[in-house]
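Student: All I have is the shape, not the residue letters:
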């Protein structure tokens, strides 16, 4: 039914269907229950509040279906089954909401539209919203923290709870709900990570996982669809949750629906309101429980697709044929159509909820005050001296932690195993069992779940939300946690605010782990880092010694909105540069650490990423000088600086960095008759050198695969990275020159 155009609020321009007033509308919706100047309803049992919460839920469903139908693309079904819970959270003033489920994006955009947050990006009415949905510089298909009012990205399953826990850690006075789909419950670390966090931080309970239990995943039934209610409650209590509130739509069904999961939109209005009241009161009780210090979860159980065009997995995704002119989409919209007066009422409530539009009030819409750090006290190692890079960096990590009480160090496999016991000595492992032998204290700053995803997730979440952190890992295992770091790196590239960079340091690379065998020899992740350099805000760093790692850490810790990855060894290795030379190298990208005075048969250049890998390179240098060549060894410590500006999307990111090494300086470093690009890992990090070098002969020596060996030299030999092989390659290139 059409509504009188003169009565349609401006923001509703583009809404295609309006409905009749519900029964008792004038009684329960005469005015917004969140009054001007208030931030939440005052009583979750109040009939007017319940009525208006259901109006908000249906408004969210309607917008979700119309905006996805506008493009015949996107995901309405999952969010539709969460609508009463999402509306309840907002009406109760809890608007710092994150999600695990990227497919709930159109629903989250709808909530930001209703509270007027999207006006900050020029979306003022429904026509604007439809036009900008799933378009560049618009509302991308999965959530992004760049959208006004939204706290964090969502896409890969299993990530959302980390953002909620980081928010709770940093803002103890606010609730951080996180919606989790039962389709994602097949990811085992979702509850596991929350259980470990609660063990380490028992006083931080102000995050609230909200399970949207609708029986389906993306294209089939969810793996927990056969659980009964008691099994689901047991699943959560078995992971340490002290309070689990489950509201099952089936208990309110008066439409005789079959099966364990029902669509509440088919209930009578009386029963829809009864169900909504139970959800509103359940969310209210859960929120109060979480804020009062009890680990709490809320579960809403109703059929996927509730209230939209279809149900079950078939409601998950729209396809090109699912457009706004199709009968099944039209019917779905008409079933949820609200009168114009209801739209204005919903907007008034949600714009006031939480103290104002989320674009103005969400904790991530402003910069968290940064704790100022003193100048880091570095230890200068003499050239030629042997020292352990990871230990040298550990001293600086300790200094940051002692200066910044919010600072968290995460590590799954143990700092001591990576020659960084000095971090544990200073900052202590956070553990409920106090034991000085193991540096364990309940208030420690070192977070050690035996799960790289949990380590990476908490560290990444803290950085995204505005606080410093560092993730320390074996390079071999880092791939298990890297996806959330990649997600946050992309999110930081889009942010409208400054936030500390994600900082990681990966030790015990392939060359150090011979006797452990190939399970500990997986440096291929360095190719991932190398590929990300082109994003514009990602920096893999390869300090060549104990002085270099200190300046790399200093450089990374002082940066903003970037992804900084330091790769180094835990073995005593020679020092090649002074602190000041290392600073210059990290800023410029590379530096010469050795050059022969003369040579009659031509110049050989080694471009090297790593630290231990310099051992065979210097052996090769001796052999080649004996053969009559001049040799230059260049440490490539910050390869992102060596690309050409046109290679990198540097000008598309927040906090852009346009520093690149110029041609004259590059050529002075890398010009020669032959160039060998050498890495203890894969070769991708040396791409910028190979792209720009003018050397007529060039080749790479790098990682191939792992094997069990007794020494680093043996694993290098297995991969063909030996002084003899390098000597032979150069002689093959230049012997007849």
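Tutor: Here it is on my side, so go on. Please read these numbers as outputs of a predicted model, since none were measured by experiment.

Student: For stretch 125-140, buried residues please.
Tutor: Applying a neighbour-count criterion of 16 or more other Cβ atoms under 10 Å, one finds 125-126, 128-130, 132-134, 138-140 buried in stretch 125-140. All C-beta spots, glycine's among them, are computed from the backbone N, C-alpha and C.

Student: Over to stretch 179-198?
Tutor: Buried, per 16+ other Cβ under 10 Å, within stretch 179-198: 179-185, 187, 189-198.

Student: about what we covered before: tell me which of the buried residues of stretch 125-140 fall in helices.
Tutor: Residues of these located in helices (DSSP state H): 126, 128-130, 132.

Student: would CSV of the residues you listed with distance to residue 205 be doable?
Tutor: Converted to CSV, these look like this (distance: Cβ to Cβ, whole Å):
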residue, distance to residue 205
126, 39
128, 39
129, 36
130, 40
132, 38
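
Student: rewinding a little: in strands, which of the buried residues of stretch 179-198 fall?
Tutor: Taking DSSP state E, the ones among the buried residues of stretch 179-198 that sit in strands are 179-181.

Student: And residue 468, its phi and psi?
Tutor: Main-chain torsions, residue 468, degrees, to the nearest 10: phi -70, psi 150.

Student: roughly how far apart are it and residue 551?
Tutor: Distance of residue 468 to residue 551, given as Cβ to Cβ, to the nearest Å: 18 Å.

Student: ok, now residue 225?
Tutor: Taking Cβ to Cβ, one finds residue 225 at 54 Å from residue 551.

Student: These two: which has the busier surroundings?
Tutor: residue 551 (26 against 19; other Cβ atoms under 10 Å).

Student: Tell me the gap between the strand or helix carrying that one and the middle of its chain.
Tutor: Using DSSP states H and E, residue 551 falls within helix 546-557. The chain centre lies 24 Å from the centre of helix 546-557; the measure is Cα atoms, centre = their mean, to the nearest Å.

Student: That helix - contacts with which helices or strands?
Tutor: Judged by 3 or more Cβ pairs under 8 Å, 6 or more residues apart in numbering; DSSP states H and E, the packing partners of helix 546-557 are helix 389-403, strand 502-507, strand 538-541, strand 563-567, helix 579-588.

Student: Single out the most deeply packed of those.
Tutor: Mean neighbour count, computed with mean count of other Cβ atoms under 10 Å, is highest for strand 502-507 among these, reaching a mean of 28.

Student: tell me how far that one is from the chain's mean position?
Tutor: The chain centroid and the centroid of strand 502-507 are separated by 15 Å, computed with Cα atoms, centre = their mean.

Student: residues making contact with that strand?
Tutor: Contacting residues not belonging to strand 502-507 are listed as 390, 393, 418-420, 456, 459-460, 463-464, 468-475, 478, 485, 488-489, 492, 525, 549, 553, 556-557, 562-570 [Cβ atoms under 8 Å, 6 or more residues apart in numbering].

Student: That strand vs strand 563-567, what angle?
Tutor: 10 degrees (axes from the mean of the first three to the mean of the last three Cα atoms, to 10 degrees).

Student: tell me the average confidence for strand 502-507?
Tutor: Strand 502-507 carries an average pLDDT of 96.

Student: What strands line up against that strand, and which way round?
Tutor: Here strand 502-507 has these sheet partners by DSSP bridges: strand 469-474 (parallel), strand 563-567 (parallel).

Student: Now mean pLDDT too, for those strands, in a markdown table please.
Tutor: Below are these laid out as a markdown table (pLDDT from 0 to 100):
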| stretch | mean pLDDT |
| --- | --- |
| strand 469-474 | 95 |
| strand 563-567 | 97 |
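
Student: In JSON lines: the ones in strands among the buried residues of stretch 179-198, plus pLDDT.
Tutor: Compiled in JSON lines, these are given as follows (pLDDT from 0 to 100):
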{"residue": "179", "pLDDT": "97"}
{"residue": "180", "pLDDT": "95"}
{"residue": "181", "pLDDT": "94"}
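
Student: heading toward the C-terminus, what's the first helix or strand past the top helix by length along the chain?
Tutor: The longest helix of the chain (DSSP H) is helix 47-71. Later in the chain than helix 47-71, the nearest helix or strand by DSSP H and E is helix 77-80.

Student: That next one packs against which elements?
Tutor: Using 3+ Cβ pairs under 8 Å, 6+ apart: helix 77-80 touches helix 47-71, helix 105-114.
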